[in-house]
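In: quick one: sequence and predicted model below, then my questions.
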Amino acid sequence: MLEDKNQERTSLEELGEFGLIEHLTKNFKLNQPSSLIGVGDDAAVMDYEGKKTIVSTDMLVEGVHFDLSYMPLKHLGYKSVMVNLSDIYAMNAMATQVTVSLAISNRFPLEALEEFYEGVALACKLYNVDLVGGDTTSSTRGMIVSVTALGAANENDIVYRKGSRPNDLLVVTGDLGGAYLGLQVLKREKEVFKVNPNSQPDLEPYSYIVERQLKPEARKDIVDLLKKLEVKPTSMIDISDGLSSEVMHLCKHSEVGCNVFEDKIPLDPTVISASEEFKMDSTMIAMSGGEDYELLFTIDQADFPKIKGNPNLTVIGHMTEKSEGVHLITRAETKIPITAQGWNSFNENQ
């Protein structure tokens, strides 16, 4: 975690903007058939041959979305791509290209940006997407990352937030709450480090949840899996802001209600033990934590046999008539109205 003060530092002024982009992107090759022209011309050129184009963009701001005292730049590059790919997969589409833009202050040398782009390159390689453009500019303070992801899908395959019907089953991928608890661990170790700079944190017991925060994986595999199972969700969204607000989004767009069953919410054992350590309620963390980048979707009950027993998928509830409202059914079988308590980047008190 400690920074080596004797690292080589190359000032960005030495390269200039175009030299910088050329330097950072020179090893990126185009692999997607839809990528005709990538970085290096006035604009990228893509051809999706009759498919619909899916576009998503996100901005990450230092001090709001990430803290570089515990977020390595390589991880930040990787995560910046992941949060955008997740939005494409949430449309039941395949991501094909990304653009990456940075605003950086003069405290960042070239070597820091190379590290960031190493993370971008790893994400592009593992998820088979092409980097086709971007921009760099100066910032008066800190770092701002903006990524746009593009994808393609046949019109009949695209899944929206609307489309769910009463009696549809609510399904979630993976497990929830890990990313939020990983963040709590990192924040705690940062405070310990401030008091005692010689202390080295032992993050081994928390490796799963810390990785969920620093290096999340978008669920490209689920888009493939659903195709193999011949299941097309009736509605879908990715879980970036916590389960409760995503359930609310699906209900609002589909004009339905929902019952979520507390005892069905998938939690990793490390999430349960870390919740106890931080004296937090694990259900509340799963409902409100955010940054899990899992997929939440609804399916017709007739498709249940196709997904039953699949280790990647958990049925956590069902949709109801709109008039019934949106509720969490607790382990004690009481009904609690769900309100969106998820991440809000405009709330400074989080």
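Out: Yep, it's here.
In: which residues touch the most centrally placed residue in the chain?
Out: Residue closest to the mean C-alpha point of the chain, counted by C-alpha atoms, centre = their mean, is Val83 at 3.4 Å. Going by C-beta atoms under 8 Å, 6 or more residues apart in numbering, Val83 touches 58, 60, 147, 216, 218, 240, 293. Heads up, the C-betas are built off the backbone N, CA and C, glycines and all.
In: could you count how many residues lie near the nearest residue to Met143 once chain neighbours are set aside?
Out: Nearest non-adjacent residue to Met143, counting by C-beta to C-beta, 6 or more residues apart in numbering: Glu62, 4.5 Å away. By the measure other C-beta atoms under 10 Å, the count of residues near Glu62 is 19.
In: can you show me the strands along this protein?
Out: 35-37, 45-46, 52-61, 94-104, 130-138, 143-153, 169-173, 235-239, 257-261, 294-299, 313-320, 326-329, 335-337 (DSSP state E).
In: who does the shortest one pair up with?
Out: Same thing as strand 45-46. Take DSSP bridges as the rule and strand 45-46 pairs in its sheet with strand 35-37 (antiparallel).
In: which residues are in contact with the strand it pairs with?
Out: The contact list for strand 35-37 (C-beta under 8 Å, 6+ apart) reads 43-47, 96-97, 130, 132.
In: generate a PyMOL selection restricted to the buried entries among those.
Out: In PyMOL, a selection of the buried entries from the contacts of strand 35-37 looks like this (16 or more other C-beta atoms under 10 Å):
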select buried, resi 44+46+96+97+130+132
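In: quick one: Gly317 from Gly119, how far?
Out: According to C-beta to C-beta, to the nearest Å, Gly317 stands 35 Å off from Gly119.
In: contacting residues for the residue nearest to Leu225 when sequence neighbours are not counted?
Out: Leaving aside its chain neighbours, Leu225 sits nearest to Asn312 (6.4 Å; criterion: C-beta to C-beta, 6+ apart). Contact partners of Asn312, counting by C-beta under 8 Å, 6+ apart, are 173-174, 221-222, 225.
In: go with 10 Å
Out: By C-beta atoms under 10 Å, 6 or more residues apart in numbering, the residues touching Asn312 are 171-174, 219, 221-222, 225-226, 294-295.
In: can I get those residues in CSV with neighbour count, pLDDT and distance to Tyr208?
Out: Formatted as CSV, the contacts of Asn312 follow (neighbours: other C-beta atoms under 10 Å; pLDDT from 0 to 100; distance: C-beta to C-beta, whole Å):
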residue, neighbour count, pLDDT, distance to Tyr208
Val171, 25, 98, 22
Val172, 26, 98, 18
Thr173, 23, 98, 16
Gly174, 20, 98, 12
Arg219, 23, 98, 17
Asp221, 12, 98, 18
Ile222, 22, 98, 19
Leu225, 16, 98, 22
Leu226, 25, 98, 25
Glu294, 26, 98, 14
Leu295, 27, 98, 19
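In: can you lay out those as TSV showing distance to Leu76?
Out: Below are the contacts of Asn312 laid out as TSV (distance: C-beta to C-beta, whole Å):
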residue	distance to Leu76
Val171	31
Val172	26
Thr173	24
Gly174	22
Arg219	20
Asp221	23
Ile222	24
Leu225	28
Leu226	30
Glu294	21
Leu295	23
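In: so for the residue nearest to the centre of the chain, what's the pLDDT?
Out: Model confidence at Val83, given as pLDDT, is 96.
In: which other residues reach the lowest-mean-pLDDT helix or strand in the chain?
Out: Within the chain, no helix or strand scores below helix 16-25, which has a mean of 78 by mean pLDDT, DSSP states H and E. The contact list for helix 16-25 (C-beta under 10 Å, 6+ apart) reads 10, 12-15, 38-40, 100-102, 104, 110, 113-114, 116-118, 120-121, 131-138.
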